[in-house]
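**Q** sequence unavailable; structure follows:
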């Protein structure tokens with residue numbers, strides 16, 4: 001079985017005339033990019049995947065600029081724009097206990113305090129004060145705050161989240 005690939009960044013544009021690419025990080029670990037020089041990643045766009053090697057990394061604002069092996073012209077770098085940079089799941093950096101990557105939560109079944117299936121996580125919104133899980137249900141989306149008082153347990157292996165809903169969050173029948 002092929003390893004699951006996790007997107008750590010998106011190539012958003014080119015930088016300069018020497019073939020560098022600008023990327024937006026999806027990683028919760030900014031230091032991941034400082035460790036990239038000499039590393040191999042997978043690049044994917046429109047279903048095509050190929051290995052790439054990162055030669056150098058610099059930070060510009062909230063973006064990273066990567067120099068890729070064998071890419072020395074702006075025109076060649078343009079081919080990478082809107083492609084994803086991927087790593088095997090085994091290379092994902094660990095998070096502290098009780099923290100989860102978005103990809104781990106996607107599709108997770110959400111079960112309320114009465115044992116009823118509310119739906120499954122289809123998105124995670126990163127809001128100012130706390131995240132919110134968008135749970136797709138038969139009656140539409142439910143926004144569940146990612147608070148310890150609401151989310152009781154998350155079991156990544158079982159793909160289950162158990163919640164205690166605040167009064168009024170879901171219409172009673």
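**A** Perfect, I can see it now. Please read all numbers here as calculations on a predicted model, not as lab measurements.

**Q** which other helices and strands contact the least confident helix or strand in the chain by mean pLDDT?
**A** Across the helices and strands of the chain, mean pLDDT, DSSP states H and E gives its lowest value to helix 31-34, namely a mean of 84. Contact analysis of helix 31-34 by 3 or more Cβ pairs under 8 Å, 6 or more residues apart in numbering; DSSP states H and E lists strand 48-60 as its packing neighbours. Every residue, glycine included, has its C-beta placed from N, CA and C.

**Q** now do 10 Å
**A** Judged by 3 or more Cβ pairs under 10 Å, 6 or more residues apart in numbering; DSSP states H and E, helix 31-34 is in contact with strand 5-15, strand 20-25, strand 48-60, strand 63-68.

**Q** so which of the ones you listed is nearest residue 101?
**A** strand 5-15 (7.6 Å; Cβ to Cβ).

**Q** show me what counts as buried in that closest one.
**A** By neighbour count on 16 or more other Cβ atoms under 10 Å, the buried set for strand 5-15 is 5, 6, 8, 9, 10, 11, 13, 14, 15.

**Q** please read off the pLDDT at the closest residue to the fifth one other than its chain neighbours from the model.
**A** It stands for residue 10. Nearest non-adjacent residue to residue 10, counting by Cβ to Cβ, 6 or more residues apart in numbering: residue 24, 5.0 Å away. Looking at residue 24, its pLDDT reads 91.

**Q** contacting residues for residue 24?
**A** 9, 10, 11, 12, 13, 62, 63, 64, 85 (Cβ atoms under 10 Å, 6 or more residues apart in numbering).
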